[in-house]
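Just the structure for this:
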Amino acid sequence: MSATSLSLGVLLAMSRVATADAADDGGRLASVVAMLKSGEQAVRVVCLGDSITGVYYHTGGRRAWCDMLGVALGKAYPKARLEMINAGISGHTTDAGLGRIERDVVARKPHLVVVMFGMNDVCNRKPEQFRANLRTIVGCCREAGAAVVLCTPNSVYPDAGRPMALLGAYAQVVRDVARERGVPLADCFQACEDVRKTDETEWMLLMSETIHPAMLGHKLFAEVIARTISGRAVSLADATPPDDALLFSLKRLDAGEPLKVVAMPPYDTLVPDALRQLFPTAKIDVTTWPVEGKSLAEIEQWAKRIRAMAPHLVVVAVPAAAGAPDAGAFIRSYNDVLNWSIAFEKANWDLLSILPSVTGPVPATQRDREALARRIILGKDYACVERRQGDQRPARELLLQLITEQKAKQKAAAGAAKPTP
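Below is the predicted model:
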């Protein structure tokens, strides 16, 4: 990035970073903590980074660690008033982050900036440039009067572009800059690796695919960052997915607009039939997603065509018989079935995930896989349709109950949003 592409403010900050002593960020962070404790003033938190910070498909397209950090800080400081600002953009490096820091960070007048880069910088193979950019980012944030927390990126699956040894070296650069500049460090890389060393399957469940973490990974980030800020452990184990399974679909049907559905059998019939019980004149166009006799890997391949279809509702109901060689292959393929069922950026259609036991009895030999599927779906920040113990109603009735409840909640939310006369 050329000097002419940087703002005057960034250039001045770079010169100060080169010569200034490493001021301890403790005072700034202590001020932010005091604000969080009192709740007398809203605390603006900007989260700056790449696609792992931004809201994309890998966490369900609705929330990411920035949002979950807000939840975690709310738990640590019940009186806190928070304004969480996500400034994560896919593909960005620290170069790109510096290029937009005035607009996306300084102009927001943050009290706290949480920075996570490295996943794309590592592809450039320029660790010293990465180090210099991080120092400048810290300087710019301090010039704006903000406290700073630096985060290491997560660990990844084997990847030629991002070898783990090199990614670990870049994580060390973040640690070094944090120490040199007196900035608090949230070591997300180490937290991920601690999970992997303890249980490889649990680490895989943190991940959405080879590089990006799922919502379970983002919850871990938020817990680590919240602990760095507050000095206390915060658990997000009880933070459930948003209860909005049919948000886009019901709005379209309420407005009398046609609905495009992609669904696995038997829900290519059951879901439209249930919707028509509440919307008798609905125009519903259904594309059947073939799954009978398919392996999970084959189902995953078909999923890659869904985004081009631009549906309004995707219904995933992977049969219990859809096999995978082992638990690891099952986790990766099931995750990708869901990933391809979601828009690349922020969610703009619905995903309804249905467990096999809703369709019919699951053999004892396949129940562990159903439990694993449930964890993967929740890890994508989506609720799943499941059969409660002892509930023997047919799938059609369970669907109708879900749709009715979602419609009532959406109506109540719309009523609450209307201004009082």
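
can we go C-alpha only for contacts and neighbour counts from here?
Fine.

got the contact list for Leu296?
Leu296 sits next to 318, 322-324, 330, 333-334 when contact means C-alpha atoms under 8 Å, 6 or more residues apart in numbering.

If you drop the residues flanking it in sequence, what lies closest to it?
Nearest non-adjacent residue to Leu296, counting by C-alpha to C-alpha, 6 or more residues apart in numbering: Ala322, 5.1 Å away.

Quick one, grab the pLDDT at that neighbour.
On pLDDT, Ala322 comes in at 95.

Test my guess that it contacts Lys294.
Yes. Counting by C-alpha atoms under 8 Å, Ala322 touches Lys294, with 6.1 Å between them.

neighbour-wise, which of those two wins?
Ala322 (18 against 15; other C-alpha atoms under 10 Å).

Just the residues contacting the longest helix along the chain, thanks.
Longest helix in the chain, counting residues (DSSP state H): helix 395-417. Contact with helix 395-417 is made by 244-247, 250, 270-271, 274-275, 278, 358-359, as judged by C-alpha under 8 Å, 6+ apart.

which of the residues you listed count as buried?
The neighbour-count test (16 or more other C-alpha atoms under 10 Å) marks 244-247, 250, 270-271, 274-275, 358-359 as buried among those.

So for the helix or strand harbouring Ala191, mean pLDDT?
According to DSSP states H and E, Ala191 maps onto helix 188-198. Averaged across helix 188-198, pLDDT comes to 98.

Now that helix - C-alpha only, PDB.
Output in PDB follows, covering the C-alpha atoms of helix 188-198 (Å, rounded to 0.1, in the frame of the first residue of the first chain):
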ATOM      1  CA  CYS A 188      -7.600 -16.900  20.400                       C
ATOM      2  CA  PHE A 189      -5.000 -19.000  18.600                       C
ATOM      3  CA  GLN A 190      -3.800 -20.600  21.800                       C
ATOM      4  CA  ALA A 191      -7.400 -21.100  23.000                       C
ATOM      5  CA  CYS A 192      -8.200 -23.000  19.900                       C
ATOM      6  CA  GLU A 193      -5.100 -25.100  20.000                       C
ATOM      7  CA  ASP A 194      -5.800 -25.900  23.700                       C
ATOM      8  CA  VAL A 195      -9.100 -27.400  22.600                       C
ATOM      9  CA  ARG A 196      -7.500 -29.300  19.700                       C
ATOM     10  CA  LYS A 197      -4.800 -30.800  22.000                       C
ATOM     11  CA  THR A 198      -7.500 -32.000  24.400                       C
END
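
residues of it that come out buried?
Applying a neighbour-count criterion of 16+ other C-alpha under 10 Å, one finds 188-193, 196 buried in helix 188-198.

Tell me which residues touch Thr149, please.
Slight slip there: residue 149 is Val, not Thr. By C-alpha under 8 Å, 6+ apart, Val149 lies in contact with 112-115, 183-186, 225.

list the contacts for the spatially closest residue to Arg332 that is not a sequence neighbour?
When the adjacent residues along the chain are set aside, Arg332 lies closest to Glu209, with 6.6 Å between them (C-alpha to C-alpha, 6+ apart). Glu209 sits next to 58, 332, 335-336 when contact means C-alpha under 8 Å, 6+ apart.
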